[in-house]
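K.L.:
Build me a structure from this.
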Amino acid sequence: MSDLVTISTDNYAVMAKAMGIAGATVGTKTSNNLNRLRIWHSPIMGEEKIGNKLKKVEVVEGGVYRLELVDDDTSTYYYAKTARVRPFMQRYMLKRYESFSNVKDGDPKGTFHKTIMSDNLNTDLKDNKGHFNCGKPAGYIKDFKALPVEMQDLIKQTKRVRVVFGTIKLNNPTDDKGSEVELDEVPFIWEVDNRDAYKTIGDQFNIYAKKEKLPLNHYIMLKPSKENPMQNGSSFYTPIALVDLSSTIGIGEEDHKTFSSFLDWIKNYNDGVCAAWENIVQERQSEVSSEDMDTVDNFVDVELETNAKE
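P.N.:
Next up is the predicted model:
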């Protein structure tokens, strides 16, 4: 599918698979430096002079969409309550965070297990730790409670991720100081891993599939996010999205380049995960425990003794 580098509106089936909606149910950067979207759950505080004193004030409220613009090794962050997304494609992956114990100051606190990206989750996916599916069993689990507690915990910690690639235009964006800025429409990636958000965005792609529309022909409008209060007094936010089928976006030469760049980015990412998988598996296979060596030695001794008697 990475060989497909141009967009054709005449072959819905082929393009739907490339854009990740062929399996949907009814009912321009090629490196890792791709701009990233997420919902920012906590307000950003700043200082404002009130009278003769500087006081802490909320300059960016919680629940806004945060766009990370990546330029080589630096990132700049911008925020907006609403946005306009032009989705080019979606992919799926699994992700699990593993915390380290007894971490020293300055050392990593954990690591992410991540699988390759695929256009569906109905297959085993290699991950960057030398396993499949981040260690989660494949297929339908008939009796979840019959599994060992450790496996139950691992499954609960493993998230389905809907990865959206497209271009985005923030409406009335601000920087992290709350100052208004001007931003162009830019390519981005959005890893949607919250369960409710996963369904919300998936519902929009299902609309494309049901109507046999290509995603990049129609915008998804991101409305102000929904606040979900938690028992500890804080909140988390989930997106509110709506596909706009009232107008059709034409496909230009730059769109072909962007589409090809996204496919290249996915291939580069998957190649990296597969390379990590291969290295770990080879290391694992080359390691022979002392118990295994003893078993082999005993087997050889028995065989030699048998041959000597013959």
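K.L.:
C-alpha only now, for contacts and for neighbours.
P.N.:
OK.
K.L.:
Now do the SS call for Pro239.
P.N.:
strand (DSSP: H, G, I helix; E, B strand; the rest coil).
K.L.:
Give the closest residue to it in space, chain neighbours not counted.
P.N.:
Once its chain neighbours are removed from consideration, Pro239 has its nearest residue in Ser225; the separation is 4.6 Å (C-alpha to C-alpha, 6 or more residues apart in numbering).
K.L.:
Distance check, that neighbour against Lys129.
P.N.:
34 Å (C-alpha to C-alpha, to the nearest Å).
K.L.:
Which pLDDT value goes with Glu287?
P.N.:
Glu287 is assigned 77 on the pLDDT scale.
K.L.:
Just give me the longest helix of the protein.
P.N.:
Of all the elements of type helix in the chain, the one with the most residues (DSSP state H) is helix 253-286.
K.L.:
Can you give me the distance of the nearest residue to Tyr198 once chain neighbours are set aside to Met221?
P.N.:
Using C-alpha to C-alpha, 6+ apart and skipping the chain neighbours, the partner closest in space to Tyr198 is Val192 (5.6 Å). For Val192, the distance to Met221 (C-alpha to C-alpha) stands at 16 Å.
K.L.:
Comparing the two, which shows the higher neighbour count?
P.N.:
For Val192 versus Met221, the count of surrounding residues by other C-alpha atoms under 10 Å is larger for Val192: 25 against 18.
K.L.:
Tell me the gap between stretch 231-242 and the middle of its chain.
P.N.:
19 Å (C-alpha atoms, centre = their mean, to the nearest Å).
K.L.:
I'd like to check what contacts that stretch. Which residues are they?
P.N.:
The contact list for stretch 231-242, computed with C-alpha atoms under 8 Å, 6 or more residues apart in numbering, reads 39, 41, 63, 194, 196-197, 200-201, 204, 220-230.
K.L.:
Under the pLDDT cut-off, which ranges of this structure? List them.
P.N.:
Counting by pLDDT under 70, the chain contains low-confidence residues at 1-32, 288-310.
K.L.:
so the spatially most central residue of it, which of the three states?
P.N.:
The residue at the geometric middle of the chain, judged as the C-alpha nearest the mean C-alpha position with C-alpha atoms, centre = their mean, is Glu191 (3.1 Å). Classification of Glu191 by three-state DSSP places it in strand.
K.L.:
Could you shift the numbering so residue one becomes 57, and keep it that way?
P.N.:
Happy to do that; since the first residue is 57 now, the last one works out to Glu247.
K.L.:
partners of the residue nearest to Tyr254 in the sheet?
P.N.:
Listed by DSSP bridges, the beta-bridge partners for Val248 are Arg218.
K.L.:
can you check Tyr135 too?
P.N.:
Using DSSP bridges, the bridge partners assigned to Tyr135 are Arg122, Thr230.
K.L.:
Can you show me the strands along the stretch 157-306 of the chain?
P.N.:
All strands of the stretch 157-306 of the chain, identified by DSSP state E, counting those that start in this stretch, fall at 166-170, 215-227, 242-248, 276-285, 291-299.
K.L.:
need the contact list for the residue nearest to Tyr254.
P.N.:
When contacts are counted by C-alpha under 8 Å, 6+ apart, Val248 is found next to Arg94, Val217, Arg218, Val219, Val220, Tyr254.
K.L.:
Asp127 now?
P.N.:
Neighbours of Asp127 in contact, by C-alpha under 8 Å, 6+ apart: Asn89.
K.L.:
Pull up the gap between the residue nearest to Pro295 and Ile245, please.
P.N.:
Look at Ser281 and Ile245: by C-alpha to C-alpha, they are 18 Å apart.
K.L.:
returning to that earlier point: which of the contacts of Val248 has the most neighbours?
P.N.:
Taking other C-alpha under 10 Å as the neighbour criterion, Arg218 ranks highest of the contacts of Val248 with 26 neighbours.
K.L.:
That residue against Gln146, yeah?
P.N.:
Yes. In this structure Arg218 lies within contact range of Gln146 using C-alpha atoms under 8 Å: 6.8 Å.
K.L.:
Next, show the common contact partners of these two.
P.N.:
Common contact partners of Arg218 and Gln146 (C-alpha under 8 Å, 6+ apart): none.
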